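>>> the following block contains a protein sequence and its predicted model.
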Amino acid sequence: MKNFDYQTPTRLIFGKGVVKEKLGNVMKLFGQRVLITYGGGSIKRIAKGESISLYDEVKDILHDKDLFELPGIQPNPKFNPSVLEGVRICQEEKIDVILSVGGGSVLDCTKAIAGVAGTLGGKVYENIEEAWDIVCGRKPTTAAIPIVDIITLAATGSEYDMGAVISRTETNDKLPYRSQFVFPAVSFIDPTYTFSLPVKQTLAGVSDCMNHIMESYFCAEHIDMNDAFMEGAQKSLIKNVRIVLENPEDYNARAEIFYATTLGCNGIYCLGNSRSGWPMHSMEHALSAYYDITHGEGLAIIAPRWMRHILTHSTGILHEQVVERIEKFGKNVFGVEGCEASITALHNFFREIGIPMTLKEVGIDEVRLGEMAKHVADTEGLNQAWVPLLEQDILDIFKASL
Ligand code: NZQ
Ligand code: ZN
């Protein structure tokens, strides 16, 4: 078992009605000037009770604050304009706290705003590269504006981690931004907000979390307790997404899914394990950077092809490890025997619930596969992954996903 050093400073407030019950008191802890960040308008449609939307409810609770707004944050959130615009508002309006209301994209964008504005302090950047240097990690984040969030999509686990993923359109980059300073201070998780999710987003969220778990499960050194946690979380997701497909307003099923996704990207499922290098995410980030596809769909497409590739391209002790992991995954998650059955069960599950399982179905053809494979090989360090992947391996996996 590997050593670990673990701390998550985020307070989780989970359950039905928690925003109404506690948001007002929580926000008193952080000051008067509040920037509310949100996306394309879903929070104005998520209805609580009879008629009031989540947006109206939040504004009502915070009526005695000085409120500023950054709307329009897109999925796969963009550095330019969203992060830059948020930094400008924080600096000009001397924001005390940012309240993110929406999915993982809104929260990720908020984390980047908080870290860049906190690190720059009052110093307005002279050109956008100065802000980008902080996002891409060339310059360290040294402070952040506190973040509170109301997360409305069960997927990324951004509400309980210190990561964000930010896209820069002009360079086709989609990069992780990580800092201890951008853990949310408080995350509100009310599963009833997910009743209104389009089926596509519900499924993509489940796929995203299943992949976070797989990125932690498929590694060289692992411990029994983590395996049991992760297999249990996968089984809960598989069972409860089927229930939600029948009845989108089944509270317990939505709550089980949210609980699994909240813990899914925080590292807590795999304390003591060795690192895998997160190969599926590294490859998917290129797909969503080049084609702006939905993250969880890209992951579902990649996952079984990556599993088959590492099974057929590994040798010696590494191959034994790969076989052991894939077999155990199949047996304990899907109740099947053997590697081939395990990979097929995963693929068929995604297909059964309705996720598109080829690149062509999400609008990606062969034209830019080579360019993307090179981009991943050059930037993601997958030659150091548990099962190392070179440019040709990545290209083969993309081609097998067509
Ligand atoms: O923009 P609005 O109108 O709010 O609509 C959103 C968006 O169109 C909608 N939505 C969100 N909550 C809703 C809702 N619609 C109805 N009812 C609700 N309750 O759903 C759409 C997708 O939202 P988005 O925030 O993009 O989805 P998600 O939460 O899956 O976030 C995806 C992003 O997170 C990154 C991904 O790469 C991607 O950019 N990731 C972040 C991670 C992290 N911070 O740790 C880890 C992940 O691996 C992932 O890479
Ligand atoms: Zn993910």
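Yep, that arrived. As the structure is a prediction and not an experimental result, all values here were calculated from the model. Ligands and ions are numbered 1, 2, ... in the order given.
>>> from here on, just use CA atoms for contacts and neighbour counts.
OK.
>>> for the single longest helix found in the chain, the averaged confidence score.
Secondary structure of the chain per DSSP state H: the longest helix is helix 224-246. On average, the pLDDT along helix 224-246 is 98.
>>> can you name the next helix or strand after the helix or strand Lys22 falls within?
Per DSSP states H and E: Lys22 is located in helix 18-27. On the C-terminal side of helix 18-27, the nearest following helix or strand under DSSP H and E is strand 33-37.
>>> between helix 18-27 and that next one, find me the angle.
140 degrees (axes from the mean of the first three to the mean of the last three Cα atoms, to 10 degrees).
>>> ok now strand 33-37, how far from the chain's centre?
Put simply, strand 33-37 sits 22 Å off its chain's centre (Cα atoms, centre = their mean, to the nearest Å).
>>> tell me the helices and strands packed up against the helix or strand following it.
Toward the C-terminal end, the helix or strand that comes next after strand 33-37 (DSSP H and E) is helix 42-45. Applying 3 or more Cα pairs under 8 Å, 6 or more residues apart in numbering; DSSP states H and E, we find helix 42-45 packed against strand 52-53, helix 54-61, strand 97-102.
>>> the shortest one pairs with which strands, parallel or anti?
What it means is strand 52-53. Here strand 52-53 has these sheet partners by DSSP bridges: strand 47-48 (antiparallel).
>>> residues in contact with the most centrally placed residue in the chain?
With distances taken as Cα atoms, centre = their mean, the chain has Thr156 as the residue nearest its mean C-alpha position (2.6 Å). Residues in contact with Thr156, defined by Cα atoms under 8 Å, 6 or more residues apart in numbering, are Gly104, Gly205, Asp208, Cys209, Thr261, Thr262, Gly264, Cys265.
>>> and Asn80, how many neighbours?
15 (other Cα atoms under 10 Å).
>>> cool, Leu29 as well?
Leu29: 9 neighbours (other Cα under 10 Å).
>>> separation between it and ligand 1?
24 Å (Cα to the nearest ligand atom, to the nearest Å).
>>> begin at 661 from now on, thanks
That works, and once the first residue is 661, the last one we named lands at Leu689.
>>> against Ile1015, how distant is the residue nearest to the centre of the chain?
Counting by Cα to Cα, to the nearest Å, the separation of Thr816 from Ile1015 is 17 Å.
>>> about what we covered before: just the buried positions in the longest helix of the chain, please.
886-887, 890-891, 893-894, 896-898, 900-901, 903-904 (16 or more other Cα atoms under 10 Å).
>>> which one among the contacts of Thr816 gets closest to ligand 1?
Gly764 (3.3 Å; Cα to the nearest ligand atom).
>>> and the contacts of Thr816 near ligand 1, which?
Contacts with ligand 1 within those, as defined by Cα under 6 Å from any ligand atom: Gly764, Gly865, Cys925.
>>> now the helices and strands packed on helix 702-705 as CSV including distance to ligand 1, mean pLDDT and mean neighbour count?
Formatted as CSV, these follow (distance: least, Cα to the nearest ligand atom, whole Å; pLDDT from 0 to 100; neighbours: other Cα atoms under 10 Å):
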stretch, distance to ligand 1, mean pLDDT, mean neighbour count
strand 712-713, 11, 90, 16
helix 714-721, 9, 96, 18
strand 757-762, 5, 98, 26
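>>> with distance to Ile977 as added columns, please give the ones you listed in TSV.
Shown next, in TSV, are the helices and strands packed on helix 702-705 (distance: least, Cα to Cα, whole Å):
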stretch	distance to Ile977
strand 712-713	56
helix 714-721	53
strand 757-762	45
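>>> pretty sure Thr670 contacts Ser818?
No - the pair Thr670 / Ser818 is not scored as a contact, 10.8 Å apart, by Cα atoms under 8 Å.
>>> quick revisit: give me the buried entries from the contacts of Thr816.
Gly764, Gly865, Asp868, Cys869, Thr921, Thr922, Gly924, Cys925.
>>> can you name the residues of the stretch 661-810 of the chain sitting close to ligand 1?
Contact residues of the stretch 661-810 of the chain with respect to ligand 1, defined by Cα under 6 Å from any ligand atom, are listed as 699-703, 734-737, 762-766, 768.
>>> what do you get if the cut-off is 8 Å, keeping everything else the same?
Residues of the stretch 661-810 of the chain lying near ligand 1 by Cα under 8 Å from any ligand atom: 698-703, 705-706, 732-737, 762-768.
>>> and the buried ones among the contacts of Thr816, which is closest to Ile849?
Thr922 (8.8 Å; Cα to Cα).
>>> surely the closest one is in contact with Ile811?
No - between Thr922 and Ile811 there is no contact under Cα under 8 Å: 9.7 Å.
>>> joint contacts of the two?
Common neighbours of Thr922 and Ile811 (criterion: Cα under 8 Å, 6+ apart): Glu819.
>>> now do the same contact list for the residue of the stretch 911-1060 of the chain found nearest ligand 1.
Nearest to ligand 1, among the residues of the stretch 911-1060 of the chain, is His955, at 5.4 Å (Cα to the nearest ligand atom). Contacts for His955 (Cα under 8 Å, 6+ apart) come out as Ala864, Asp868, Glu944, His945, Ser948.
>>> element containing the second one?
When elements are assigned from DSSP H and E, Asp868 belongs to helix 859-877.
>>> avg pLDDT for that helix?
On average, helix 859-877 scores 98.
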